[in-house]
Structures are given as structure tokens and as C-alpha cells.
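Asker: quick one: sequence plus predicted model below, questions after.
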Amino acid sequence: MPKNKTIRVRIAPSPTGPLHIGTARTALFNWLYARKHGGSFVLRIEDTDLERSDPKYEKDIIENLKWLGIDWDEGIEQKGYRQSERIDTYTTYIKMLLKKKKAFYCFHSQDELEQEKQEQFKKKLAPRHLCDHSENPPKSPAEKGIIRFRPPEKKIQFKDLIRGDIEFDTALLGDMSIARNESTPLYNLAVAIDDFEMNISHVIRGEDHISNTPKQILIQEELGFPRPEYAHLPLILGEDRSKLSKRHGTLSISWYQDQGYLPEAMINFMALLGWNPGDERELFTRDELINEFSLERVQKGGAIFNLDKLDWINGNYIRNMDLEKLTERCMPFLKDENLDKEYVKKVVALEQERMKKLSEIGELADFFFTDVLEYDKELLRWKDMKDEELSEILNKLENVLSGIDEKDFTKENLQKILMAEAEKLGDKGRLFWPLRVALSGKKASPDPIDIAVVLGRKRVLKRIKEARNRK
RNA sequence: GGCGCCAUCGUCUAGCCUGGUCCAGGACACAAGCUUUUCAAGCUUGGUACAGGGGUUCAAAUCCCCUUGGCGCCA
């Protein structure tokens, strides 16, 4: 770790879509790195693409980053962290390059460029534009020009903190486009300028940027900027092993939030996508992650993210969560807003170990919140139980339970009394199964006694009666 | 097409740098069993992987080369 150097990392999402899981993972790794080394994490917004950028997406990005608990030390709260607010800076550099004849206008049309490319394709050459307008601009250009930069021919080497040495031949790049006009830089130029101006020490980003790195280095060298350290993270892949993109559907962080995944589970899961501590632990608190994280232990190969594992991690977090907190977080997932929190808490306690996501509480525990149960009467039957026996059992349940006072309707009491009855029947399911179904209307539920206690004497008796009437 | 990156169970991965302890370990998922009034949880058990081919070496998942494949970048 460079001791004398202040560590400053950044992410620069573009607000052309909601916060994407890949971007969030990159943000996480940057954040972990900064937090671990006492550095700063900078949030910059890459909104030069005015047509596709939308403030609503910027909002989504900010909110979801906050939801995940990834906080930044510098960012858009201050001026100058949106590219759109930095036009003057870019203009200065672009004009300077133009003036020094390091950059020039190219007036070739899209068609001409395409044609050049096709020919190179045929000849199996590297696709690159070699512009002759550098020295001889046309008298009256047909189209508006684009600003290009001709790199010196050399080999660019850089050390990737994850992959080791990487080398590129700049001759293969051609005359690279760096700006649309004097005030609109293209990606590679903007990044080089911003990273310099913001004093970024470590650029930690997705693997898809490896090929952009030499271009940025070239620009840095031209402009006399120091070179930051680079680390390229493996990509998060879709089921088909291709790069995750909008078309892969469920990848915005807000989707996970809506599904009832916990931010701590998301953090844990994303950290494990491309990183591991080297031993067999899988569950980490935020602080553990910060302590343990290191770029040396980041994988090189891309990772397909699979929901099953996330579900498992999320289930773990739910099970280990404080009941009070869990209840709090479940509330938004219950349709009814005027629920008694104490009551919900009791329900959540029963469903806690069954939930994989918060959103499941509604479906799992719906019978606690309605008086109308819908189930097939056949469901009441335990194994090959006859009709007569079933009515007998339901009658017995009604008799026994109605004989218990409201104040004695406790778990201990019910347990004692119902167990005794059940044991008389030999197979306890003969008593408990019909009771479960009568109370929950489901074949899978928490212990019927627990349900009974939460429901209370009155509702329990009502439900048993209803069950009896179904016959 | 050029260039670049990558390659261990279905998936996430340990091991690779510093060859032997690896006929490859863990986790998820799956299957079976235990527990049991259902489900879940928990516990136990099981199956499945070093892409292929050449080297180097007494010895290679580990080092080198090639091939193949995947992915990415390039308008």
C-alpha cells in the first residue's frame, strides 16, 4: 500500500438508467478500498450525454447507493461533480490541445469511416482511422467535424493491480476521437481530465475498460498528468455469460430493494462476486468486509450472479436479525398500513426463519391479516383420514379450545392440553394437521399452536367452526 | 476482423505466484436420511469439476507453448 500517497477512488456512473448491479458492485469495491485505507471515495456523475441522461436516473443512483450504505466523501452535493458542470474545464483543455496542434478536426463522414473500416476488415487489419485532415483539412467540410488525437507510436505498458502487466501497441489505435467539439469531450478525454482534476489515485473499474486504459494513459501523458493505479474488476455476467446489460432485466438495485432483499445481504453478496477472503467464511458484516478486503484477492474471471445464493444469504440475514428491526422492515411489505406493530411483530417472529426475502411475508402470513380463508376442504384431511374422523377431530378441537379461558390461551397451556389430546390419537398429525389447515388454510405454516396464540381464542374458534362447516 | 482479458463441480469459488500434503477443499442448488404435526431451519450423507493437446520435471490444477472456447473494447 502506498503510504505517502493519499488514496482517492471514484465511481462515475452515467444517469442513463437506474443503478445497475454491476455499477453498484464497482462502487462497493471502490468504497471498500477507500474505507480500508482511510482514503476518500468520490462520486462523480457522467452526464455529458445529454440526450440519454435523465435526472430521474441520477436520483435512482443516489438513492440506491445510500440504501446500500455506500457513502461518499465528495460528490454531487458540491458543484463540479457532474460532468455537465465542468464544461469550462474541458473546453480549456480541448482548446489547448487544438492550439498545440496535438488535436485536430477530422471531417470524415460516418460513411467514409465505415467504408475505411470495412476495407480494413477485409484485409484483416486493425480497425482504426488514419486521418489525413490533420495536415490538410478540406476546404468546405461536408459535416461538422470531430476532434481527434494522434497518439505517438509506442508500446503502452501499465500494471493492473489485479491482472499484472498489460501491454498495448498504440499504432493499432489510429487517430482516436477525443471530443465532439470544443466543449464536449468524449469519454476517454473526460475521464483523463476528471481523474486528474479530482486527484484520483486508484482507478478501480470493470474489465470492460481495459482497452480504454491505454487511450487514457496517452491523453494523460500528453497533458502531463500523473498516471493513477489501475485495477480492473471481473465483470458480472448474465446467465448466458454475456455482459449484463439492460436487456437482462432484473438488474437494477431498486428491483432488489422492492423484492425485499436487505442492503447488508446485497453488499455481502456483491462482495463475494469476484472476491473472497481466502478462507471458508461467506457471511460478513460491513466492517468485516472493510477489514478483510484486498485487491490482491479479487478474481480475474467473470462471475455469473445467481439468485439462489443471494436468497440464501438474505435468508441468513433475516434469521439473524433483531425481531424489532425485522418487523420494521417488513411493515412496508404488508399491504395494510394501519396494522398494529405489536401484532405484526408476533407474526414476523413466527415467519422469520421461513423468509428468504421480506416480500414473502405477505404471502407467507396472509392468514394472519384476513378473516376469509380460502382453501379446499380436502386439505383438512390428514393422510387417509375418513370424513367422520375429521369432523370428530374438529369437534374435539372446538370443545377443548372453547374450554380454555381467554387468559389461559397461552403457548404453554395449549401445548400441554393439545399434546395430551394428540398423543391419545397415536399419530399427532391427526390432530395438528386439521388444526393447522383450519387456522392457516395452508399446507405449510408455522406450528399451529403458535398460530393459535397469535390469532387469539376468539378467532381460533371461529376458524375451527368454519372448517367444520366446510364438511 | 484487429487487439486485449479470461478459463477448477450446474453456479460462486479455495488451491496456482512460492510445483509434491489435491485420485482437488468449501458454499449455493440438487438428492437421500435424521428430526418432526406440515413447511422452514438444523444436522448427516451423496453425486458432479482442473477445456484439449504438447512440453519442462522424479512429480503439474499449479511453470512454458499451442489450440479451442468465452467475454470485452474498437463507429
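Answerer: Cool, the structure landed. Residues are numbered from 1 along each chain as shown, chains lettered A, B, ... in the order given.

Asker: and the nearest residue to residue A:261 once chain neighbours are set aside, what element?
Answerer: Nearest residue to residue A:261 in three dimensions, chain neighbours excluded: residue A:314, at 5.2 Å (CB to CB, 6 or more residues apart in numbering). The C-beta positions use only the backbone N, C-alpha and C, and glycine is treated the same way. Per DSSP states H and E: residue A:314 is located in helix A:307-320.

Asker: torsion angles phi and psi at the residue nearest to residue A:90 when sequence neighbours are not counted?
Answerer: Leaving out its chain neighbours, the residue that sits closest to residue A:90 by CB to CB, 6+ apart is residue A:185, at 4.5 Å. Here is the backbone geometry of residue A:185 (degrees, to the nearest 10): phi -80, psi 150.

Asker: residue A:185 against residue A:178, yeah?
Answerer: Yes: contact criterion CB atoms under 8 Å: residue A:185 and residue A:178 qualify, at 6.6 Å.

Asker: what's the overlap in contacts for these two?
Answerer: Common neighbours of residue A:185 and residue A:178, using CB atoms under 8 Å, 6 or more residues apart in numbering, are residue A:94.

Asker: and residue A:208, how far from residue A:193?
Answerer: 21 Å (CB to CB, to the nearest Å).

Asker: between those two, point out the one with more neighbours.
Answerer: With neighbours defined as other CB atoms under 10 Å, residue A:208 and residue A:193 compare such that residue A:193 has more, 23 against 12.

Asker: the closest residue to that one other than its chain neighbours: helix or strand, and which one exactly?
Answerer: Spatial nearest neighbour of residue A:193, excluding adjacent residues (CB to CB, 6+ apart): residue A:93 at 5.6 Å. Assigned by DSSP H and E, residue A:93 belongs to helix A:87-99.

Asker: other residues contacting the helix or strand just after that helix?
Answerer: Counting by DSSP H and E, the next helix or strand C-terminal to helix A:87-99 is strand A:103-106. For strand A:103-106, contacts defined as CB under 8 Å, 6+ apart pick out A:94, A:97-98, A:129, A:131, A:133-134, A:137, A:141, A:145-150, A:175, A:177-179.

Asker: what's the neighbour count on the residue nearest to residue A:261?
Answerer: 25.

Asker: gap between it and RNA strand B?
Answerer: 10 Å (CB to the nearest atom of the strand, to the nearest Å).

Asker: residue A:263 is in contact with that residue, correct?
Answerer: No: when contacts are counted by CB under 8 Å, residue A:314 is not listed as touching residue A:263 (10.4 Å).

Asker: do I have it right that residue A:237 meets residue A:304?
Answerer: Yes: using CB under 8 Å, residue A:237 is in contact with residue A:304, at 4.8 Å.

Asker: which of the two has more residues huddled nearby?
Answerer: It is residue A:237, of residue A:237 and residue A:304, that has more neighbours when counted by other CB under 10 Å, with 18 against 13.

Asker: what's near enough to touch the more buried one?
Answerer: So residue A:237 contacts A:243, A:244, A:302, A:303, A:304, A:305 (CB under 8 Å, 6+ apart).

Asker: if we use 10 Å, what do you get?
Answerer: A:22, A:243, A:244, A:248, A:273, A:301, A:302, A:303, A:304, A:305 (CB atoms under 10 Å, 6 or more residues apart in numbering).

Asker: do the same with residue A:137
Answerer: Residue A:137 neighbours (CB under 10 Å, 6+ apart): A:104, A:105, A:106, A:107, A:131, A:145.

Asker: helices and strands around the helix holding residue A:93, which ones?
Answerer: With contacts taken as 3 or more CB pairs under 10 Å, 6 or more residues apart in numbering; DSSP states H and E, helix A:87-99 sits against strand A:103-106, strand A:146-149, strand A:176-181, strand A:184-185, helix A:187-197, helix A:213-223.

Asker: go through that helix and flag the buried ones.
Answerer: By neighbour count on 16 or more other CB atoms under 10 Å, the buried set for helix A:87-99 is A:89, A:90, A:91, A:93, A:94, A:97.

Asker: quick one: residues in contact with it.
Answerer: Contacts of helix A:87-99 with the rest of the structure, by CB under 10 Å, 6+ apart, involve A:48, A:80, A:83, A:102-105, A:147, A:149, A:178-185, A:189-190, A:192-194, A:196-197, A:219, A:222-223.

Asker: ok, of those residues, which come out buried?
Answerer: Here, 16+ other CB under 10 Å leaves A:48, A:83, A:103-105, A:147, A:149, A:178-179, A:182, A:184-185, A:189-190, A:192-194, A:196, A:219, A:222 buried among the contacts of helix A:87-99.

Asker: hmm, back to that, the contacts of residue A:237 into JSON lines, with extra columns for distance to RNA strand B, secondary structure and pLDDT?
Answerer: Output for these, formatted as JSON lines (distance: CB to the nearest atom of the strand, whole Å; DSSP: H, G, I helix; E, B strand; the rest coil; pLDDT from 0 to 100):
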{"residue": "A:22", "distance to RNA strand B": "11", "secondary structure": "helix", "pLDDT": "91"}
{"residue": "A:243", "distance to RNA strand B": "3", "secondary structure": "strand", "pLDDT": "71"}
{"residue": "A:244", "distance to RNA strand B": "8", "secondary structure": "coil", "pLDDT": "69"}
{"residue": "A:248", "distance to RNA strand B": "10", "secondary structure": "helix", "pLDDT": "50"}
{"residue": "A:273", "distance to RNA strand B": "5", "secondary structure": "coil", "pLDDT": "92"}
{"residue": "A:301", "distance to RNA strand B": "3", "secondary structure": "coil", "pLDDT": "90"}
{"residue": "A:302", "distance to RNA strand B": "6", "secondary structure": "coil", "pLDDT": "90"}
{"residue": "A:303", "distance to RNA strand B": "3", "secondary structure": "strand", "pLDDT": "90"}
{"residue": "A:304", "distance to RNA strand B": "4", "secondary structure": "strand", "pLDDT": "88"}
{"residue": "A:305", "distance to RNA strand B": "7", "secondary structure": "coil", "pLDDT": "82"}
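
Asker: wait, isn't residue A:257 in contact with residue A:68?
Answerer: Yes: counting by CB atoms under 10 Å, residue A:257 does reach residue A:68; the two are 9.0 Å apart.

Asker: quick one, which of the two is more surrounded?
Answerer: Shown here are residue A:257 and residue A:68; by other CB under 10 Å, residue A:68 has more neighbours (22 against 18).

Asker: thinking again about what came up before, relative to RNA strand B, how far out is the residue nearest to residue A:90?
Answerer: 13 Å.

Asker: do you know how far that residue is from residue A:348?
Answerer: 52 Å.
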